[in-house]
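Visitor: my questions are about this predicted structure, shown below with the sequence.
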Amino acid sequence: MSIIAKYARKSTKRFAGILEPFSAMEIICSSGKGNRLPVLQEATLKEPFPEIRTNIYKTAYASLWVELIDKWVEDGEQHMELFNLLWYVLEKLNKDNIPKETISILFQIKFMILAGMGPNLSCCTTCKTKTDDIKQNRIYFDLDKGGLICPGCSQSSQNRQIPLAKGTIKQLLWVESNELPIAQKIKFSRNATKESLFFLETFVPYHIKKMPKSLDFLRQIRRSI
């Protein structure tokens, strides 16, 4: 939700250290009248996730996740499962015990499932041939159809397609089918990580129909490292 924190910049005591990016808090605010935004009255910090803001790479990933949620969820809408997902990935990012790239893959897969737009990775979207039964090692993902398309069907398609190794697809399916505490144990190879991130960072904005500005920021940082 969008709210106004009056005099927050002038007062060094009222909300000191609370209204920081990615911080989880409990708030009390007045209800907005007419077209006016609610006004923040009180805020209690519950979890600051301080290590995220001290690392530009972590900040870039966290910015992408919160922007995706901000662009998809309607203002004032409650979504407890999505809130729990965001808390989970921010906590893991803050502790730094799982690779940042892996956490981002987990978040984007689970986010799209909760949004009702999870990618179809189990079979060819056109002929329904199961992924395991497709002989080729690389299979195309059709962005318009929102799913895989086997080599035979891809030849007649003019839609935008992304090639994925069958091994990468199987790992993404495993992440998709397991709860977060289990899914976080997955070990992606360097190539599978790169391929998964490119796929998801193309697929997610395409289907929510909004391009997050933070994604450009994240890609710039990757190129500089």
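Guide: Nice, thanks for sending it over. Given the structure is predicted, the values throughout are model-derived calculations rather than measurements.
Visitor: by mean pLDDT, flag the weakest helix or strand of this structure.
Guide: Here the helix or strand of the chain ranked lowest by mean pLDDT, DSSP states H and E is helix 151-154, holding a mean of 87.
Visitor: the residue lying closest to Ser23 once chain neighbours are set aside: how many residues sit nearby?
Guide: Excluding the flanking residues, the one nearest Ser23 by CB to CB, 6 or more residues apart in numbering is Pro48, at 4.9 Å. The way it works is simple: take the backbone N, C-alpha and C, and place the C-beta from them, glycine included. By the criterion of other CB atoms under 10 Å, Pro48 has 16 neighbours.
Visitor: wait, Pro48 sits on Glu20?
Guide: Yes: between Pro48 and Glu20 there is a contact at 6.5 Å, judged by CB atoms under 8 Å.
Visitor: Thr131 and Phe141 touch, don't they?
Guide: No: applying CB under 8 Å as the test, Thr131 and Phe141 come out as separate, 11.0 Å apart.
Visitor: so what sits against both of these two?
Guide: Taking CB atoms under 8 Å, 6 or more residues apart in numbering as the contact rule, Thr131 and Phe141 both touch Leu121, Leu148.
Visitor: the two - which one has more neighbours?
Guide: Phe141 (23 against 18).
Visitor: look at the closest residue to the more buried one other than its chain neighbours and give its secondary structure.
Guide: Closest residue in space to Phe141, ignoring its immediate chain neighbours: Ile162 at 4.7 Å, by CB to CB, 6+ apart. Here Ile162 is recorded as strand under DSSP: H, G, I helix; E, B strand; the rest coil.
Visitor: where is the longest helix in the protein?
Guide: helix 190-208 (DSSP state H).
Visitor: need the contact partners of that helix.
Guide: Under CB under 8 Å, 6+ apart, the answer for helix 190-208 is 68, 71-72, 99, 101-102, 104-105, 108-109, 111-112, 115, 117, 119, 141, 143, 146, 162, 164-165, 167-168, 171-172, 188, 211-212, 215.
Visitor: so which of the residues you listed are in helices?
Guide: Among these, the members found in helices (DSSP H) are 68, 71-72, 101-102, 104-105, 108-109, 111-112, 167-168, 171-172, 215.
Visitor: quick check: the two most widely separated of those?
Guide: For the ones in helices among the contacts of helix 190-208, the maximum inter-member distance is 31.3 Å, found between Lys71 and Gly167 (CB to CB).
Visitor: in space, what's closest to the residue nearest the centre of the chain - neighbours in sequence excluded?
Guide: Nearest to the mean C-alpha position of the chain, by CA atoms, centre = their mean, lies Gln108 at 3.6 Å. Leaving aside its chain neighbours, Gln108 sits nearest to Leu200 (4.2 Å; criterion: CB to CB, 6+ apart).
Visitor: ok but Cys123 is inside a strand, no?
Guide: Yes: counting by three-state DSSP, Cys123 is found in a strand.
Visitor: residues contacting it?
Guide: Shown in contact with Cys123 (CB under 8 Å, 6+ apart): Thr129, Lys130, Thr131, Gly147, Leu148.
Visitor: let's see that with 6 Å instead.
Guide: Lys130, Thr131 (CB atoms under 6 Å, 6 or more residues apart in numbering).
Visitor: what's the lengthiest strand in the chain packed up against?
Guide: Longest strand of the chain, by residue count under DSSP state E: strand 39-47. For strand 39-47, the packing partners by 3 or more CB pairs under 6 Å, 6 or more residues apart in numbering; DSSP states H and E come out as strand 24-30.
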